[in-house]
Structures are given as structure tokens and as C-alpha cells.
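# 3D model of this:
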Amino acid sequence: MMRVLPPLLVIGGPAGSGKTSIASEVGKLAHAPVVDLGDSGDDDPHAVDLPALQLRLDAHEEARMVVVEGVYALALPPIRWAAKWTVYVDTPLDLSLARRALDHRDPAVILRAYLAGGRETHLRTVATGRQLADLVVDGSHDLADVAGRIHRFLLTRA
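This next block holds a predicted model:
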């Protein structure tokens, strides 16, 4: 079990869904630090270094809230259980894949990984977070609108 001091807003969703940008905007609106799981390059949710995550969270023990974002943020029970609020960024896979490929120095690597099993891994591990989330947002919508919706959700659940 993770030791958590401030309340956590945990944001999960597919790579390229917009989680990082959304988390950053929500962090600004809520005056909260953002901690990245650093898991977007791995196909195994169990590769997330939970002790390292705890150290990053410990650095913000005085915060009113911490935003944690990552592909497997909702797939890993210790992270999900530590959350006060959970959000799933539901972005169509074609848009997520296009964003991720365009952000990579060699888009073919991303496309090959997707064809070699990335879609199945997503369905088995990441997509299940949608049913576990307190709030589901559409990552294809305007960033400010999505962040504002999450911020209003937090204010009504404080």
C-alpha cells in the first residue's frame, strides 16, 4: 500500500489521450503539483516503479492536493486505492495513436508497436480504467474545457 499524505487526483487513459496536458492545466487551476508515472513507454503496468512514485509524492507532502497522471494510473490498484478522485481520459484510439506517433522521433516505431499488440494491451489494462473512474472526460475536446470540467468536479467533491 502506498503512503499518501495529500489527497490525490489520479488521471489515467491511453498514451496520446491528452492526460499530461490535462493534468498540467488542472494542476494550474487547482494550484496543485503534477506527478507523472513515467509509464508511457512500457507495455507492462507492473513496470511502474511504485517506490520511486512514492518518493515523488513525498516531495509534495505539504500540498493541498497532488495530481498523478499516467497510462496505468487507474490500472494499478495501489495507485487507484490511494486516490481521492479518479479521472479517465477517453480519447478515440485513432486520435491517441496519431498524437503519440507524431510526438515520437520515429512514428513507425509507435505504429509497429500498436500493430504488434499495443491495442490488445490497451484493452486489457488501460481501457478497464474507464469503468473504475469517478469521472470520464473526452480528450478530443478543448483542453481548457476539459480541465475546467475536472476542476469543477473537484470543487463539488471537496
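# Buried ones in the helix or strand of the chain with the lowest mean pLDDT, by neighbour count?
Across the helices and strands of the chain, the lowest-confidence element by mean pLDDT, DSSP states H and E is helix 119-121, at a mean of 87. Applying a neighbour-count criterion of 16 or more other C-beta atoms under 10 Å, one finds T121 buried in helix 119-121. Where you see a C-beta, it was placed from the backbone N, CA and C, and this is true even at glycine.
# For that helix, what is the distance to the chain centroid?
In terms of C-alpha atoms, centre = their mean, to the nearest Å, the centre of helix 119-121 is set 17 Å apart from its chain centre.
# where do the helices sit along the chain?
For the chain, the helices defined by DSSP state H occupy 19-30, 50-58, 77-82, 93-103, 107-113, 119-121, 129-132, 143-156.
# Any stretches of this structure with poor pLDDT?
Scanning the chain for pLDDT under 70 picks out 1-4, 40-43.
# mind running it again at 80?
Within the chain, the segments meeting pLDDT under 80 span 1-5, 38-46, 158.
# Figure out which of the helices of the chain is closest to L8.
Among the helices of the chain, the nearest to L8 by C-beta to C-beta is helix 77-82 (5.6 Å).
# for the closest one, packing partners?
Applying 3 or more C-beta pairs under 8 Å, 6 or more residues apart in numbering; DSSP states H and E, one finds that helix 77-82 contacts strand 8-12, helix 50-58.
# All set now, cheers.
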